[in-house]
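1. Sequence and predicted model, in that order:
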Amino acid sequence: MTRATVVRMIGGGALVLALGFGGGAAIATGPLLSAPTGLSADTNIDTEPMPAPTYGVNRSGETFGSASASRTPDEEPDLIEAVATNGKAGYIRRGELEAVDGTAAMLTFASPEDALAWQAGTDGEEFSIPVYLEDGATVIGSFVITSAVPPR
C-alpha cells in the first residue's frame, strides 16, 4: 500500500510534521531567503502582506482548496487538497486530519508530559481518513497517516 504525505504550507515553507513537545521533533522545510546584494540597512523595500486566501465553497457551505494558500493554520479550508493512496486527487476534511495528526489532541495537553504520553500512545499507529470529492460527501479513496515518535 502506498502512503500519503501530510504537507501543510505555512507562509513560504512547508510544515512536514507538526508535533514537537518534549521528546518529539518538528521537521520543516522552506526556501533559503537572503537579502539582495548592494542593500544597506537604510534601504526601503516596499512589501505587501500575503493576500487572504480565496477558496471554493461547496453546496454544504464547506470551503475547499489548497492549504498552501493560507497565511495561518486557522485560514486553512474545511476540505484540504490531498492525494489518496490510490493516486486520486481529492480533499481531506480538516477536522478529520486534526483528529489524527495531534492538532486536536494538543488542545487538551496541560503539560509536556501529556504530549509525550499522547505520542507514546499513538507511536506506530496508522490512521486512515477518507478522501472526498469537493462535495465533501463522495469518498474516492483514503489518506493514511502513520504516527511515529522521532528517535532520540
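-> Alright, I've got the coordinates.

2. Give the buried residues for the longest helix along the chain.
-> Counting by DSSP state H, the longest helix found in the chain is helix 112-122. Neighbour-count burial for helix 112-122 flags 115-116, 118-119, 122 (criterion: 16 or more other Cβ atoms under 10 Å). In this view, the C-beta of every residue, glycine as well, is placed from N, C-alpha and C.

3. which residues are in contact with whichever helix or strand Phe143 is part of?
-> For Phe143, the element it lies in under DSSP states H and E is strand 139-146. For strand 139-146, the external contacting residues (Cβ atoms under 8 Å, 6 or more residues apart in numbering) are 1, 3-4, 6, 82-86, 88, 90, 92, 97, 100-101, 124-133.

4. can you rerun that using 6 Å?
-> 3-4, 82, 84-86, 88, 90, 92, 100, 126-133 (Cβ atoms under 6 Å, 6 or more residues apart in numbering).

5. Which of the residues you listed fall in helices?
-> Per DSSP H, the subset of these in helices is Val100.

6. now, which of the contacts of strand 139-146 lie within strands?
-> When the contacts of strand 139-146 are checked against strands (DSSP state E), the matches are 82, 90, 92, 126-132.
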